[in-house]
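> Show me the folded form of this:
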Amino acid sequence: MTQMDTRRNAIAAAIAWSDINTNNRNTELPDVQSFFGEDVFSIRTMRERLPKGAFKAIQQTIEQGAKLDPHIADIVSTAMKDWAVERGATHYTHWFQPLTGATAEKHDSLISPDGEGGMIYELSGDSLVQGEPDASSFPSGGLRATFEARGYTAWDPSSPAFIARTDATATLCIPTAFVSWTGEALDKKTPLLRSMETLSRQVVRLLRIFGNEHTTHVMSTLGCEQEYFLVDTNLYYARPDLVSCERTLFGARPPKGQQLADHYFGSIPPRVLAFMAEVEHELYRVGVPVKTRHNEVAPGQYEIAPIFEVANVAADHQMLMMETIRRVAPRYGFKAILHEKPFAGHNGSGKHMNWSMSTDGGTNLLDPRDDTHSNMQFLTLLCAVIRAVDIHADLLRASVASASNDHRLGANEAPPAIISIFLGDMLSDIVAQIEKGATNRTIKSSTLDLGATTLPMIPRDTGDRNRTSPFAFTGNKFEFRAVGSSGTAAWPATVLNTIVAESIEFVAGELEKAAGKDPTPVKLETAVKKVLQQIIKEHKRVIFDGDNYSEEWHKEAKKRGLPILTNCTEAFPALTSRKAVAMFKKQRVLSKSELESRANIFMENYTLHCLIESEQMVLIAKTMILPAALRHQARIAETVAQTEAAGVDASDTRELLTSFADLTARFRRKLEQLDEADNTRIEDPTEMAQYIKNKIHPLMTELRTLGDELETQVASDLWPLPSYRELMFLK
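The predicted structure follows:
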């Protein structure tokens, strides 16, 4: 198939889909309320199906983290099995998140022989609570040898079971943790659950200091926005780099890209909107509370976002969301791309992670409320977060480091690789007051008069938003904008929970020393002022409300002593620093060996991804771009020969031939250099990563520059790769 054929097929597919949709439009849309959560073994379903005692026990496990009696597990498993079978399920699986970055599942039948030639449906309490998948082929980072195969999955009752459907199957999915035979975490969920517990323990301790005796459990909450690209399937499969790397390794910038900002929040193309509606329908069925959908900045880029949920449920739902987007896209002739930077020169995709803390009574602890300057509890939590982010900025940066996110962070549309906090006018003013020793005012919100009597007076927030900040306070939560679109939310949430827990433990200890165990209100207020003033003086360097993209900020950040970790090779060592190891161990989230294993896996993944890209780049250059360039060169040479044979001056065309031949020769030489560099292998992963950064990546950049220049000169009918214009605009 030629490039022109690919383009025609993509256009035809888009037109054909529009015609089918117009002729067969379903005008009777289902009421979402009628099917939301119908494939979830939810609290409501358990209340209906479980005995009161069993329901109360599992409710305490879900809401307060209480241990579950094995006898209750037998009761729950029977009810879950009956419910799943009624909904068409024939198999069940322990659904878990190994350190591959994806989800994993092994299906077992719910059917068992009855001993009389027939069958029964069966799911025991033991089978619900624990499974035994093979652990040998999953990454362990040195925790397990290849021959040590035993691993366990353990039911997470706090994340509801659900049914995954295809056209022909229905499978009961039971969210679980995944650990080794020795009990070490081999997944993303186990550390997240541990971090949630330690955060709850430390926050409750702090709340007791402020006289709160009724809160027994505090939950970290997440709301994760998900950005992604859609590319026509025909064009996608004509790009080997998208197929194997999920990003374009070559591609000249088109005359029209995102510079007019006309795609952002624009009218959603009909085919895309139909895709979005089906994604939402499937997510609603499994209880994912998606809230928004819209066009993003880059052409062909979109976003979906849910509302807040408890952190481990939100992390599970994030994985479901990504899987559903990928699964549904082909039904509409699309491939969904979740890579952080699939198109050079255009905005990349993030997973902005909105994070907060909520009590078991439903109170958002990061809601500043009115008269914030006098809200000692909120200000204490705020200062604890500031301290945590300053001390562990390197660790927070490492939590979002990946080969794909390296292309996005700091690329003039994403938060830079420097971790800082944006507070906004109101909180920045209060923090300045704290540093001076007394707080006596809160900047109040005002209203905006829009100048037309038909328009309402609208309330104006006390501060603007800062889209350049990697960690921004946005009213009643922090938005961690540096999280990449292709990664799981579980790991950065684990790190954030843990560093905040450690900081709250420190603050609580300081307050107890300064105010005593049963302080009077006056004594407590004096202690709070003293402790918070010291925290601000020591850690205010991490607060920055300006333009994070500016060169001035990079210079200022360096002057302040903030870590500037521009890529994975610089970021990953923070995971195994003495400071990080001590903190994770003390907070009982990860042992030293568990932490080191993750650092090893992340570094290995980085090198493997980069090598796949460089080898794929060489292959495209050798088998597609160079042949096209030589064919184009031959055309020019033939034109020169024919022109001169006719007795016509061809000096201009000959000059064009010489220039193009020189470009092709330079491309070939750079290709040979990269090909040779790809053959180098260094046993030590860290040294190999450094080699990739210092040798392979510069060669890839130089080869791409030459390849993109060739694209602008080679005849369109000869160029073998779909262009950016076609990839991003054909919908």
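> Can you say which helix or strand has the closest residue to residue 338 other than its chain neighbours in it?
Spatial nearest neighbour of residue 338, chain neighbours left out: residue 486 (4.5 Å); criterion: CB to CB, 6 or more residues apart in numbering. In this view, the C-beta of every residue, glycine as well, is placed from N, C-alpha and C. Remark: residue 486 resides in no helix or strand, with elements defined by DSSP states H and E.
> Number the residues from 34 up from this point.
New numbering, starting at 34: the last item is residue 519.
> Kindly provide the distance from the spatially most distant residue from the centre of the chain to residue 670.
Outermost residue of the chain with respect to the C-alpha centroid, by CA atoms, centre = their mean, is residue 680; its distance is 64.3 Å. In this structure, residue 680 and residue 670 are 18 Å apart, going by CB to CB, to the nearest Å.
> and if you look at residue 436?
Distance from residue 436 to residue 670, by CB to CB: 41 Å.
> Of the two, which one has the most company?
residue 436 (25 against 15; other CB atoms under 10 Å).
> Let me see the contact set for the more buried one.
601, 638, 639, 642, 643, 646 (CB atoms under 8 Å, 6 or more residues apart in numbering).
> thought the third one was touching residue 435?
Think residue 639. Yes. Judged on CB atoms under 8 Å, residue 639 makes contact with residue 435 at a distance of 7.0 Å.
> Need the overlap of contacts for the two.
In contact with both residue 639 and residue 435: residue 601, using CB under 8 Å, 6+ apart.
> The two: which is more packed in?
residue 639 (25 against 20).
> which SSE is the more buried one in?
In this structure, residue 639 sits in helix 625-653 according to DSSP H and E.
> In terms of secondary structure, what does the next helix or strand after that helix contact?
Per DSSP H and E, the first helix or strand lying C-terminal to helix 625-653 is helix 659-678. Packing partners of helix 659-678 (3 or more CB pairs under 8 Å, 6 or more residues apart in numbering; DSSP states H and E): helix 684-711.
> list the buried ones in the helix it packs on?
Buried residues in helix 684-711, counted by 16 or more other CB atoms under 10 Å: 686-687, 690, 693, 696-697, 699-701, 703-704, 707-708, 710-711.
> And that helix, what does it pack against?
The contact analysis (3+ CB pairs under 8 Å, 6+ apart) places helix 684-711 against helix 625-653, helix 659-678, helix 730-744.
> so what's the closest residue to residue 607 other than its chain neighbours up against?
Spatially, and ignoring its direct neighbours in sequence, residue 607 is nearest to residue 427 (3.8 Å; CB to CB, 6+ apart). Counting by CB under 8 Å, 6+ apart, residue 427 touches 452, 596, 598, 604, 607, 610.
> Contacts only, for the last one.
Spelled out, that is residue 610. Here residue 610 is in contact with 427, 428 (CB under 8 Å, 6+ apart).
> Check which residues of stretch 412-432 are buried.
Buried-residue list, stretch 412-432, by 16+ other CB under 10 Å: 412-432.
> just stretch 569-588 next, same as before
For stretch 569-588, by 16+ other CB under 10 Å, it's 569, 572, 573, 575, 576, 577, 578, 581, 582, 586, 587.
> again with stretch 345-363
Going by 16+ other CB under 10 Å, stretch 345-363 has these buried residues: 345-355, 357-359, 361-362.
> do the same with stretch 555-563
Buried, per 16+ other CB under 10 Å, within stretch 555-563: 557, 560, 561, 562.
> how close does the third one sit to residue 291?
By that I understand residue 561. For residue 561 relative to residue 291 (CB to CB), the value is 47 Å.
> I figured residue 512 hits residue 386, correct?
Yes. Counting by CB under 8 Å, residue 512 does reach residue 386; the two are 7.2 Å apart.
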